[in-house]
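**Q** let me see the structure of the following:
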Amino acid sequence: MLPAAPPPNLALTLGDPLGIGPEIILKALAEPEVQACGQVTVVGNRQVLEATYQALKQRTSTPLADPAHLAIWECDTDFRLRPSDLGRGNPDSGAASFVYLKTAIEQTLLGRFQAIVTAPIAKYLWHQAGYPFPGQTEVLAQLSHSEHYGMLFVARSPFSHWQLRVLLATTHIPLRKVPEMLTPDLLQAKLDLLAGSLHQTFGIVDPVIAVAGLNPHAGEQGQLGEEEQQWLTPLLQAYPKARTWGPLPPDTMWLAPAQAWYGPGSTAVADAYVALYHDQGLIPIKMLAFDRAVNMTIGLPFIRTSPDHGTAFDIAGKGVARADSLKQAIELAAELSGFQLMGSSDE
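**A** Below you'll find the model as predicted:
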């Protein structure tokens, strides 16, 4: 019998301090299930958390974690919270959120943390602050010197406890550019990333990966598109690192996951699903798990998870933000960090 893994140390970035990040952090860290995940250290600004805590006590009956009892890694920034700015992000809050993320990455690479959970940021405020990154994923990859990485969405069903995993082969690009960006080399690299993550991070010995077709009906023997016959089918048939299903008709591929989500059934499900473009994967994810989906970056030298929503400036400070997705992100980071600390037992 293997010894119990030590509880992981998790870094939880504050996100944009003028968004809902501070609120959902205080709500999530008040949950007993989250408190049992290990040591969670908020990387950010104590003054922001304390001011948020005092303001929310007047607006919500939801339990809140008292910042006085939290582990906080204070970052050196010029940001100072002005309550009148809450819900209206600015370049200063964007710069602060960048520093929080950079600090968490640096400390994780030094071994202080086993995983990073990131609260939401506003990309346009990063740009206004002089940080021209497309998003947090690209910063994580660059600072950790990770050349190959991918966006994996993970959600645990509250009904059947089955875990849905969906990888996007392409992400935030116009639909008309998908066929030219989606090359055999790109899909091969994404499959390699996914197969490695399923084995090494999730502990699945012989993973099954289902892959959607690009065209309606997966091309219908070339009548509705030629990509499937020209290269998708041959690539999947010859793929050596996992069993693959597909390319599957995109409109029916999600029936089995939906059945598994709502209850056990006889339909076989894959260990992970590959969507070839953004909406092909995100529409079913948000329909099934809007408040529970977690955005996970694979291909990094550490675990990174994030709630699958944005800063929600329009409701910041009103006490109504839901912490469900952040809670799931913390729990998943702790679960996967524990597995990595133990090492793969191939069981």
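**Q** in this protein, which residue is closest to the centre?
**A** Taking CA atoms, centre = their mean, the centroid of the chain lies closest to N295, which sits 1.5 Å from it.
**Q** pretty sure that one sits against F153.
**A** Yes - under the contact definition of CB atoms under 8 Å, N295 touches F153, with a separation of 6.0 Å. C-betas here are computed from N, CA, C, even on glycine.
**Q** could you please give me the overlap between the contact lists of these two?
**A** D308 (CB atoms under 8 Å, 6 or more residues apart in numbering).
**Q** quickly list what the residue nearest to the centre of the chain is bridged to.
**A** Partner residues in beta bridges with N295: F153, S306, with DSSP bridges as the criterion.
**Q** and the residue of the chain most remote from its centre, how close does it get to W245?
**A** Computed with CA atoms, centre = their mean, the residue of the chain farthest from its C-alpha average is Q223, at 36.5 Å. Distance of Q223 to W245, computed by CB to CB, to the nearest Å: 21 Å.
**Q** also I303?
**A** Using CB to CB, which is the criterion applied here, I303 is 27 Å from W245.
**Q** please, where are all the strands along the stretch 1-150 of the chain?
**A** Remark: strands of the stretch 1-150 of the chain, listed N- to C-terminal, are 9-13, 39-44, 71-74, 115-118, 150-156; assignment by DSSP state E, counting those that start in this stretch.
**Q** among those strands, which comes closest to L288?
**A** Among these, strand 150-156 comes nearest to L288, with 6.9 Å by CB to CB.
**Q** other SSEs contacting the closest one?
**A** Helices and strands touching strand 150-156, as assessed by 3 or more CB pairs under 8 Å, 6 or more residues apart in numbering; DSSP states H and E, comprise strand 163-168, helix 184-200, helix 278-289, strand 294-298, helix 324-342.
**Q** tell me the buried residues in that strand?
**A** Neighbour counts over strand 150-156 (16 or more other CB atoms under 10 Å) mark 150-156 as buried.
**Q** residue ranges with poor pLDDT in the stretch 201-347 of the chain?
**A** Under the criterion pLDDT under 70, the flagged ranges of the stretch 201-347 of the chain are 265-266, 339-347.
**Q** go again using 80 as the cut-off
**A** Along the stretch 201-347 of the chain, the parts satisfying pLDDT under 80 run over 219, 264-267, 338-347.
**Q** just to revisit the earlier point, including mean pLDDT and distance to A169, could the strands of the stretch 1-150 of the chain go into TSV?
**A** Compiled in TSV, the strands of the stretch 1-150 of the chain are given as follows (pLDDT from 0 to 100; distance: least, CB to CB, whole Å):
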stretch	mean pLDDT	distance to A169
strand 9-13	97	27
strand 39-44	97	31
strand 71-74	96	35
strand 115-118	98	22
strand 150-156	94	8
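**Q** quick one, which of these is nearest to G317?
**A** strand 39-44 (16.3 Å).
**Q** can you name every helix or strand that that closest one contacts?
**A** Helices and strands in packing contact with strand 39-44 are listed as strand 9-13, strand 71-74, helix 91-109; criterion 3+ CB pairs under 8 Å, 6+ apart.
**Q** so of the ones you listed, which one's packed in deepest?
**A** Mean neighbour counts were compared across the helices and strands packed on strand 39-44 using mean count of other CB atoms under 10 Å; the top stretch is strand 9-13, at a mean of 27.
**Q** that strand pairs with which strands?
**A** In the sheet containing strand 9-13, the strands it pairs with under DSSP bridges are strand 39-44 (parallel), strand 115-118 (parallel).
**Q** who touches stretch 89-103?
**A** Contacts of stretch 89-103 from elsewhere in the structure, counted by CB under 8 Å, 6+ apart, are 13-19, 21, 43-45, 73, 75-79, 85, 118, 121-122, 124-131, 136, 139-140, 143, 311, 313.
**Q** try 7 Å
**A** Residues outside stretch 89-103 that contact it (CB atoms under 7 Å, 6 or more residues apart in numbering) are 13-19, 43-45, 73, 75, 77-79, 118, 121-122, 125-126, 128-129, 131, 136, 139, 143, 311, 313.
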